[in-house]
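Enquirer: Quick one: sequence and predicted model below, then my questions.
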Amino acid sequence: MQSHRASDRLLTIYLGLFLLYLFLPLVVMAAATFNTSRFPTVTPWLGTTTRWFEALYNDAGMWVALKNSFIIGFFVIVVSVPLGVAAAMVLNGVHAKARGFLYAVMVSPLLTPGVIIGISTLVFWDRLGVKGGLHLAVIGQSSFITAYVMLMVLARLQRFDSSLEEAALDLGASHGQVFRRILAPHLKPAIISGAVLAFFQSFENYNTTLFTRGTDTTLTIYIASKVRTGLTPAVNALGLILIAVTVAGAVAYEIMRRRESARERAAEKAAEQEQMSALQLA
């Protein structure tokens, strides 16, 4: 009994330290946004101010870089999600002997350093006359982000009851109808999660983007260049806004998910009541 309590205490301490390690840098970053000091720090505290939000608003270069990051992230979703879904379906449908080899080939971009992917993408497309830019950054990032989407969809696909697909085909449904009405709704959570993951992987990418961006600048490249010339808390202000938007989006998604789950439970309960009423009448 005492050993069990001791293990619970150790687990609680470990969890507390882990959460502290995870969130303390974010708290310090947010606090530095309101410090008067022109350097992003909380010590010494020179006074409280909100002028760094105004500095962020007036930083045209950062807004251009942020816009480019959003553009790349959007098109990475457009490219990687369909390819990831298709790769997962192919991998799930092939023979078991070939599955291991194909899995290794499809996952290998995740194990390749981003620098290598960036350089190889730049060299390959430059030989074909395609210069660097946002379009090449999308291609370079999609080459490995697609694997993330594939893994998430594959995990969901392996829990799919294939007898539903076979029954629909036996009843005369086409393969397109089976995908739209049976398979796609089942894969919807994984596809949405994969799209979100693809966007964030693209948004924070540095190594691959550095070699494929051409003369364009993304947010990570812009911040890295500011490190050499001197960062200001305006970067912290942007980080605080992004964190707030992310948390708000997560809360909104959770609220919608709970409402949808409540509606499904209500519909199931109503169906059960109708069945009971029909049995009583019979």
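Expert: Great, that's in hand.
Enquirer: Low-confidence stretches in the protein?
Expert: Scanning the chain for pLDDT under 70 picks out 1-3, 279, 281-282.
Enquirer: for it, longest helix please?
Expert: Criterion DSSP state H: the longest helix present in the chain is helix 234-281.
Enquirer: Which neighbouring elements make contact with that helix?
Expert: helix 2-32, helix 51-58, helix 60-93 (3 or more C-beta pairs under 8 Å, 6 or more residues apart in numbering; DSSP states H and E). The way it works is simple: take the backbone N, C-alpha and C, and place the C-beta from them, glycine included.
Enquirer: Specify the angle between the longest one and helix 234-281 in degrees.
Expert: Direction vectors for helix 60-93 and helix 234-281, defined by axes from the mean of the first three to the mean of the last three C-alpha atoms, to 10 degrees, enclose an angle of 40 degrees.
Enquirer: again with the first one
Expert: Interaxial angle of helix 2-32 relative to helix 234-281 (the same axes, to 10 degrees): 130 degrees.
Enquirer: Going by neighbour count, which residues in helix 2-32 are buried?
Expert: Across helix 2-32, burial judged by 16 or more other C-beta atoms under 10 Å covers 29-32.
Enquirer: I'd like these as CSV, with distance to Trp45 appended.
Expert: Listed next are the buried residues of helix 2-32 as CSV, based on distance: C-beta to C-beta, whole Å:
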residue, distance to Trp45
Met29, 15
Ala30, 14
Ala31, 9
Ala32, 10
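Enquirer: Once you drop chain neighbours, what's closest to the spatially most central residue of the chain?
Expert: Nearest to the geometric centre of the chain sits Leu197, at 1.4 Å (C-alpha atoms, centre = their mean). Nearest residue to Leu197, sequence neighbours excluded (C-beta to C-beta, 6 or more residues apart in numbering): Tyr148, at 5.5 Å.
Enquirer: I figured the one you found was touching Ser202, is that so?
Expert: No: between Tyr148 and Ser202 there is no contact under C-beta atoms under 8 Å: 10.3 Å.
Enquirer: If you count neighbours, what's buried in stretch 203-212?
Expert: So stretch 203-212, judged by 16+ other C-beta under 10 Å, has buried residues 203, 205, 207-212.
Enquirer: Can I get it in PDB, CA atoms only?
Expert: Output in PDB follows, covering the C-alpha atoms of stretch 203-212 (Å, rounded to 0.1, in the frame of the first residue of the first chain):
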ATOM      1  CA  PHE A 203       4.100  26.700 -40.600                       C
ATOM      2  CA  GLU A 204       7.000  25.900 -38.300                       C
ATOM      3  CA  ASN A 205       9.300  24.400 -40.900                       C
ATOM      4  CA  TYR A 206      12.700  26.000 -41.300                       C
ATOM      5  CA  ASN A 207      15.300  23.600 -42.800                       C
ATOM      6  CA  THR A 208      13.500  22.700 -45.900                       C
ATOM      7  CA  THR A 209      12.000  26.100 -46.500                       C
ATOM      8  CA  LEU A 210      15.400  27.800 -46.200                       C
ATOM      9  CA  PHE A 211      16.600  26.200 -49.400                       C
ATOM     10  CA  THR A 212      13.400  26.200 -51.400                       C
END
